[in-house]
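>>> Structure of the sequence below:
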Amino acid sequence: MTVEIRLPTVLRSHAGGQSTVEASGETVGEVLSHLTSTYPGLAGQVVTAEGSLHRFVNVYVNDDDIRYLDKLGTKVSDGDVITILPAVAGGAVAGGAVAGGAVAGGAVAGGAVAGGAVERPDGYFGGADDVPGAGG
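Sure thing, here's the model as predicted:
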C-alpha cells in the first residue's frame with residue numbers, strides 16, 4: 001500500500017525539504033521502515049534503533065492517533081495519510097512565566113504541570129501535589 005506521509009517543518013530537512021513524501025507498507029511500522037530506509041536521517045528522529053516509535057513522537061493515520069489503534073501494527077490502505085508530529089514541550093519563558101506552549105512532565109516556573117514539578121512564586125520547588133490548585 002502506498003501512503004502519503006506529512007512531515008512537520010522540523011523533520012523536513014531530513015527528507016530533502018519536502019513537506020510530504022510517499023512510502024509503502026501494510027502497517028504503520030512497515031511504512032515507517034520504508035520511510036527511514038529512503039530517508040535515513042529520519043531514523044533517529046522518528047523511531048529508535050530497536051524500531052519502536054520514539055516516546056515523544058505522535059503518529060496519526062487519517063487523523064486517528066495510532067496509540068489508540070494497533071500502534072505500529074495499525075493497518076494502512078492505499079491513499080491513507082500518515083501525519084508525524086513530534087510533541088512540543090516547553091515554550092518561551094519570560095520573567096518566570098510560561099508564555100504559550102504545552103509542558104508534559106517538565107518543570108515550569110510559576111505554573112502547574114501535570115505529572116511534573118513546579119516552582120511556586122515563593123521559590124519552593126516540588127511536586128504538583130504540593131502546590132494548591134496544581135492538580136494532585
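>>> Can you tell me how far Ala89 is from Ser13?
20 Å (Cβ to Cβ, to the nearest Å). Quick note: C-beta positions are derived from backbone N, CA and C, even for glycine.
>>> Repeat that for Ser19.
Counting by Cβ to Cβ, the gap between Ser19 and Ser13 amounts to 11 Å.
>>> Then Val3?
Remark: distance between Val3 and Ser13 (Cβ to Cβ) = 22 Å.
>>> With neighbour numbers in mind, choose between the two.
Regarding Val3 and Ser13, a neighbour count based on other Cβ atoms under 10 Å identifies Val3 as having more, with 22 against 13.
>>> what's near enough to touch that one?
Residues counted as contacts of Val3 (Cβ atoms under 8 Å, 6 or more residues apart in numbering) are Glu22, Ala23, Ser24, Gly25, Val31, Val76, Ser77, Asp78, Gly79, Asp80, Val81, Ile82.
>>> Excluding chain neighbours, what is closest to the third one?
Sequence neighbours aside, Thr2 is the residue nearest to Ser24 in space, at 4.8 Å (criterion: Cβ to Cβ, 6 or more residues apart in numbering).
>>> what's the neighbour count on that neighbour?
14.
>>> I'd assumed Val21 was in contact with it.
No - with contacts defined as Cβ atoms under 8 Å, Thr2 does not count as touching Val21, sitting 10.8 Å away.
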